[in-house]
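Visitor: what shape does this take:
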Amino acid sequence: ESLHSSIGLLGISAGSLLLAVHFYSLPRASPLIPSTALGVLLLILSSLLAYAGIRRSLRNASLFLSLCLTISVFWCGYGVVFILGGQGVLNDTGDFRNALVPGLVTFTLALLIIAVVGFLCREVILAMVASAVSLASAHEVAMHCSTAFGSSAVACNYMVVCLVGGYFGLGRILYFLTKEKIALPGTDLATKKTHEPIQPTSGSVNHFAVTGLILNMLSASVFGCRLLGVTGKLFIGQVPWLWAAGTYQIGICVLSYRAMDVLMATCFGFTSILKFARGYCLLYPIWQPEEPSFPTPFLVVFSILFAVLALFLTFKSPVDGLYLLFYVAYCIALACRPKGFFEGGPQGVDVAIFVASALMALIHLYNVGASAKIPTGKGAVKALLARSSFLKLREGADLHAPYLGYSKYADAEALGYACSVLASFAMTVTGDPQAPLATVVIPWVVVAGGILKLLSGSVAFARGKTLESSAFILYAVMWIIWGLTRYGGLYGTARSFHAAVGIIAFMLFNGFIVFCTLFLNIAWFFYSLTFLLIAVSFLLDAIHALPAGYDIAATLIFGLVSFYCFLSALFNSVFEGSCLPMGRPIVQLSGVGGGTTKCLHLPARKASSVKRIADILKNGGTCGIPTDTVYVLVAACNRPDAVEKAHQSKRQAQDRPMSLWISSLKQLEPAKHLISPLLWDFMEAAWPSPISLVVPRGEWVDFLGMKDSAKYVGTPQSVAIRIPDCSVTTHLIDLVGPIVVTSANPTGEADTTHHNQVYAKLGNKVDAVLCDGPSPENIASTVVDCTKIDSGNIGFFRVGIIPKSQVKLVLILLTEF
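Guide: Numbers count the residues shown, from 1 in each chain. Here you go, the predicted model:
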């Protein structure tokens, strides 16, 4: 259980030892560790710390993961800068200083915040590590700014981290060697466990938000330092900080969806776009000497999206909503300045964002780790909305539960729709064939329309939304290819027939998606249909026949539809009801358009869900449940009406009778005298397992209370019975009693291997589905004929996951001993 905490702290100690050796040897003519080697080692350690932070620790999860992820991104950017220095990219005087200082300033303050909160929460080891690395960064800044400061002070601070790590390692070794009898203070990770989960289903706490805010500080620091004169210029050496922040920000976006925080995840997705755009602008002088220009329409639309998101975030947390207003001002400042990031106005807002992000990081981290809270206005907004009959906040454990089953992610469709708006408005810019990279368009199209839309499609797939995910992924690929082709200079001065053929293929795929959305809802139908206008624009541009003004018309139509979908997704994630509905399916077929059914889909990992399924079975319902093999349809034995309903619901064939399942042989104890001793011993030895035993039918069946419906179970001569090797299933049988089981698919079709397939195959004929994702096996159970077992013979009706030899071995052992 303590593995990830140990990896995190010892990884920080290892990196600190490398840096201590580096700074001690820095005054020498040639450093002991070459810059390139040091950079590569720091990148490896940053990956290890990212893993440890995401996997979290047992206690103070937010503090630990914030420390690990912060140092991880620090060493990631730091390592790339060292590699650039080692490869001779940073040759000019002051280049190394200008490259390192923005990152060092950021992490000095960020780690100081973590250290202060750590001391307040009495996490001394974490606080000492954070404060030592913070002091090391501060001394390094001083060393770069003044020759009066030497490198020994930096090395000493890193040695403090090594000593703390050594103490922690010694404490863990003693803890295990003495079998938990000796635990040095601060190293016993089993005490003070946080009972608050890292990913709360109510979406009230997002442990990853602190790291996201620190990443916002990092990107703002690069341009803020230039405005304040801390650095002398903006150049390629600062790109590692920006793109490391952007890459980690996308990761934080995904993790925020895991934490069921839709609004902050969308916010981090937006800010990652800006980080990649900043890095692109600093790379541009490699190809052209002049600074790139910015498309005004796109930035105006981006400011509107930030303002809408800030409004919705205010309903959840007013302080977070006010924070996003800084980004609204930032986009407006960029739109007003043709050179964007390189001018004083946007850089002044960067300074404000740096300060605001630091304050927000302190508030978030303190409120998660401490018992006392800094007020953020959540209670006031909640009390205000409680008086409203029109708007009611969504709350509760099932806030982001998908319609079909359990998902680890909240819905990411709002981000996908917003990216469609951003990418579509980027296409209004006419690129210059002679200087295709001169206008900053590629980051908006490739990152927003491509990468983030791929992310939205992946999350939609994880939530069981196959059609939506397919559309998002298709559109993402289209935006990436078109953006790189049109604004990356791949066209040149001539247009390509082959590009036109590829676009037509995409249009055919999208035509299929348009047809499928007829069965989904009205909004998605218009969303996919209007994308055809964008695809037509791609096609006309590829054959050099794009009419004047068509881009603007297509952008406005598709952009408005996408913006409506964006608003609807935000409304549905924040408020109850359907203030902005997506509409009903245009074509309604039986079993299609699942949003109208009343079939419950409950996550199997919750005990409350299993109890609810048990209540449905006791009341005469039929349910689809997971097992140790494939999904099955079940009914309670003591409800004859339910047994008959299960038989009729799937058009059961006479040669495929239903079977009987129990949770333990104790449920057959009253009828033990009616079962042969060898068969009883064989059942004890074979179960629990995916082995169904076909046994002679007898009076023992009457003990189960099936009455007239017993004719649907087994044959007149025999009955198949088994104890499944699945804790969820056996717990359900403990609550209900013996159950009647049949495969969760119409007779003749393939076995059901996912909870989404249960409703797709059986429709409204099933009352509820207990969802546990993909089946552990795609093969059904082995069915053994035990009707002649007393003579020492067994047969096989079906060989499934358990081979014949293993079953026969059980019988041989019984008969010999």
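Visitor: quick one: stretch 683-703 to chain centroid distance?
Guide: On the basis of CA atoms, centre = their mean, to the nearest Å, the separation between the geometric centre of stretch 683-703 and that of its chain is 43 Å.
Visitor: cool, stretch 731-751 as well?
Guide: Between the mean C-alpha point of stretch 731-751 and the mean C-alpha point of its chain there is a distance of 32 Å (CA atoms, centre = their mean).
Visitor: quick one: terminal-to-terminal distance for it?
Guide: For stretch 731-751, the first-to-last residue distance is 23 Å (CA to CA, to the nearest Å).
Visitor: what mean pLDDT does it get?
Guide: Taken as a whole, stretch 731-751 has an average pLDDT of 85.
Visitor: what residues of it count as buried?
Guide: Across stretch 731-751, burial judged by 16 or more other CB atoms under 10 Å covers 732-733, 736-745, 751. For every residue, glycine as well, the C-beta is placed using N, CA and C.
Visitor: so is Ala183 in a helix, a strand, or just coil?
Guide: Reducing the assignment at Ala183 to three states with DSSP: H, G, I helix; E, B strand; the rest coil gives coil.
Visitor: shouldn't it be in contact with Ile173?
Guide: No. Under the criterion of CB atoms under 8 Å, Ala183 lies out of contact with Ile173, with a separation of 11.2 Å.
Visitor: between the two, which has more neighbouring residues?
Guide: Each of Ala183 and Ile173 had its neighbours counted (other CB atoms under 10 Å), and the higher figure belongs to Ala183 (16 against 13).
Visitor: the strands in this protein, which residues?
Guide: Secondary structure of the chain (DSSP state E): strands located at 600-603, 623-625, 632-636, 659-661, 691-696, 718-722, 739-743, 768-771, 782-785, 795-798.
Visitor: got the contact list for the fifth one?
Guide: Residues outside strand 691-696 that contact it (CB atoms under 8 Å, 6 or more residues apart in numbering): 659, 675, 679, 682-683, 686, 714, 717-722, 781-787, 797, 802, 807.
Visitor: how does it look with 6 Å?
Guide: Contacts of strand 691-696 with the rest of the structure, by CB atoms under 6 Å, 6 or more residues apart in numbering, involve 659, 718, 720-722, 781-787, 802.
Visitor: which member of these is positioned nearest Cys623?
Guide: Relative to Cys623, the closest of those is Ser659; by CB to CB it sits at 15.9 Å.
Visitor: partners of the closest residue in space to that closest one that isn't next to it in sequence in the sheet?
Guide: Leaving aside its sequence neighbours, Ser659 sits nearest to Ala720 (CB to CB, 6 or more residues apart in numbering; 3.8 Å). Beta-bridge pairing for Ala720 (DSSP bridges): Val694.
Visitor: residues touching the closest residue to Val769 other than its chain neighbours, list them.
Guide: Once flanking residues are discounted, Val769 sits nearest to Gly624: 4.3 Å by CB to CB, 6+ apart. If you count contacts by CB under 6 Å, 6+ apart, Gly624 has them with Tyr631, Leu633, Ala744, Val758, Val766, Val769.
Visitor: least confident secondary structure element in the protein?
Guide: The element with the least model confidence among the helices and strands of the chain, by mean pLDDT, DSSP states H and E, is helix 378-386, at a mean of 73.
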